[in-house]
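In: Predicted model and sequence below, questions to follow.
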Amino acid sequence: MLIDVHCHLTGEEYEELGGADGVVQRANAEGVAKIVCSGFDLPSSKIAKTLAEKFDCMYFCAGFHPSELDKYRDGDLEEIAKLCKSEKCVAVGEIGLDYHFDDNPPKETQRRLFVEQLELADKLGLPVVLHSRDSAKETLDILTEHKALLKRGGLMHCYSYSPEMAEEFLSLGLWFSFGGPCTFKNAKKVCESVERIPLTRLLSETDCPYLTPVPFRGTFPNEPKNVKFVVEKLAELKGVTVEKMQEIIYRNAKDLFSKLK
C-alpha cells in the first residue's frame, strides 16, 4: 500500500544500481505499490513518460521546475501539453517558484511560467504539483489570485514552511507531501506542520535522489523504497498505526490523482 508521490528517476544516479529496473524492483520488494516520477523540464518529462509506460506501478508528471526555466524555449509548453495527455500522466509538475539561489531564473520569468502552467493544468483538467522554496508569500499570493485554476487540486510537495502557512494553503484546497526531512532531528517546524494538517490531506514522497530519510540520512542516491520510513514517521506524528497511515495516504493519492489506478 506504500506510495511515493514525488521522485526523480530520470538522471544517471541509478545507472550503477541496476537503473530504473533495479529501483522499481527494490521498491516493490519493500511494499511500494505506486511511484510518481516527476519531470522538471521537457527532456526529463519525456523520460518520465517513457519510464511510466514501461512499469505498471509508475506514473509521471510533466512540467518546468522554476530553477530550470533557463532551458525553456517557445513551444515547450505545447510539448508538455502533449505529454500530459498520456493516461499515465497524473499532474502538471513540478511547477512553482524558487528564490533560494541568486543565479536562479529571474523572478518575473518564474512568475509568468508558473501562471502559464497553472492555466495549462486547468485546460487539461489536471492537478498541479507545486515547488516553492523561499517564496512562500508570493506562491500563496499567485495561487490565491488564480484559485479558479485549481479546480483539480494541487500538491505542495516536500512542504517546509510554517504550520500557520500550511493553513493558508489548506484554504485553497491543497494537499501536502512530506519526505525525508520529517525524519530529521532538527525538523521541528516540519513536524508541527504534519501535526496541524488533516489526515485527509497528507501524502508521502522521497524527492529522490535527494533527502534520504533517517536511518540512512546522508546516503546517495535516495530511492522510492525508503518512503516507508517517511510513512512510519507520519504515523507516529499523527498517532495512528503504520498500516492505517498507508491506507490513508493511498486513498488521498487516488483522490488527488484521478488517473491513478
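Out: On my side now, so go ahead.
In: all helices in this structure, in order from the N-terminus.
Out: 19-29, 42-54, 76-84, 107-124, 136-145, 163-170, 188-196, 227-238, 242-256 (DSSP state H).
In: How far does the fifth one sit from its chain's centre?
Out: In terms of Cα atoms, centre = their mean, to the nearest Å, the gap separating the centre of helix 136-145 from the centre of its chain is 18 Å.
In: Between helix 107-124 and that helix, find me the angle.
Out: In terms of direction (axes from the mean of the first three to the mean of the last three Cα atoms, to 10 degrees), helix 136-145 departs from helix 107-124 by 40 degrees.
In: again with the shortest one
Out: In this structure, helix 163-170 runs at an angle of 40 degrees to helix 107-124, with the same axes, to 10 degrees as the basis.
In: what helices or strands is helix 163-170 leaning on?
Out: Packing partners of helix 163-170 (3 or more Cβ pairs under 8 Å, 6 or more residues apart in numbering; DSSP states H and E): helix 136-145, helix 188-196. C-beta coordinates here come from the backbone N, C-alpha and C atoms, glycine included.
In: and the helices of the chain as JSON lines, adding mean neighbour count?
Out: Listed next are the helices of the chain as JSON lines, based on neighbours: other Cβ atoms under 10 Å:
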{"stretch": "helix 19-29", "mean neighbour count": "17"}
{"stretch": "helix 42-54", "mean neighbour count": "19"}
{"stretch": "helix 76-84", "mean neighbour count": "17"}
{"stretch": "helix 107-124", "mean neighbour count": "18"}
{"stretch": "helix 136-145", "mean neighbour count": "17"}
{"stretch": "helix 163-170", "mean neighbour count": "17"}
{"stretch": "helix 188-196", "mean neighbour count": "17"}
{"stretch": "helix 227-238", "mean neighbour count": "22"}
{"stretch": "helix 242-256", "mean neighbour count": "18"}
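In: Reformat these as JSON lines; add distance to residue 207 and mean pLDDT.
Out: Shown next, in JSON lines, are the helices of the chain (distance: least, Cβ to Cβ, whole Å; pLDDT from 0 to 100):
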{"stretch": "helix 19-29", "distance to residue 207": "14", "mean pLDDT": "98"}
{"stretch": "helix 42-54", "distance to residue 207": "14", "mean pLDDT": "98"}
{"stretch": "helix 76-84", "distance to residue 207": "21", "mean pLDDT": "98"}
{"stretch": "helix 107-124", "distance to residue 207": "19", "mean pLDDT": "98"}
{"stretch": "helix 136-145", "distance to residue 207": "17", "mean pLDDT": "98"}
{"stretch": "helix 163-170", "distance to residue 207": "18", "mean pLDDT": "97"}
{"stretch": "helix 188-196", "distance to residue 207": "13", "mean pLDDT": "97"}
{"stretch": "helix 227-238", "distance to residue 207": "10", "mean pLDDT": "98"}
{"stretch": "helix 242-256", "distance to residue 207": "15", "mean pLDDT": "98"}
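In: Would you tell me which of these gets closest to residue 61?
Out: helix 42-54 (7.0 Å; Cβ to Cβ).
In: one step back: just send the helices and strands packed on helix 163-170 back as TSV, with distance to residue 7 too.
Out: Below are the helices and strands packed on helix 163-170 laid out as TSV (distance: least, Cβ to Cβ, whole Å):
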stretch	distance to residue 7
helix 136-145	22
helix 188-196	18
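In: which one of those lies closest to residue 67?
Out: Residue 67 sits nearest to helix 136-145 of all the helices and strands packed on helix 163-170, at 14.2 Å, using Cβ to Cβ.
In: Packing partners of that closest one?
Out: strand 89-98, helix 107-124, strand 128-133, helix 163-170.
In: How about residues contacting it?
Out: Residues outside helix 136-145 that contact it (Cβ atoms under 8 Å, 6 or more residues apart in numbering): 96-97, 99, 111, 114-115, 118, 130, 132, 150, 154, 161-162, 165, 168-169, 172, 174.
In: how about it as PDB, C-alpha atoms only?
Out: Extracted C-alpha coordinates of helix 136-145, given in PDB (Å, rounded to 0.1, in the frame of the first residue of the first chain):
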ATOM      1  CA  ALA A 136       6.000  31.300   0.500                       C
ATOM      2  CA  LYS A 137       4.100  34.600   0.400                       C
ATOM      3  CA  GLU A 138       4.400  35.100  -3.400                       C
ATOM      4  CA  THR A 139       3.400  31.400  -4.000                       C
ATOM      5  CA  LEU A 140       0.400  31.900  -1.800                       C
ATOM      6  CA  ASP A 141      -0.500  35.200  -3.500                       C
ATOM      7  CA  ILE A 142      -0.300  33.700  -7.000                       C
ATOM      8  CA  LEU A 143      -2.300  30.700  -6.100                       C
ATOM      9  CA  THR A 144      -4.900  32.800  -4.300                       C
ATOM     10  CA  GLU A 145      -5.200  35.100  -7.300                       C
END
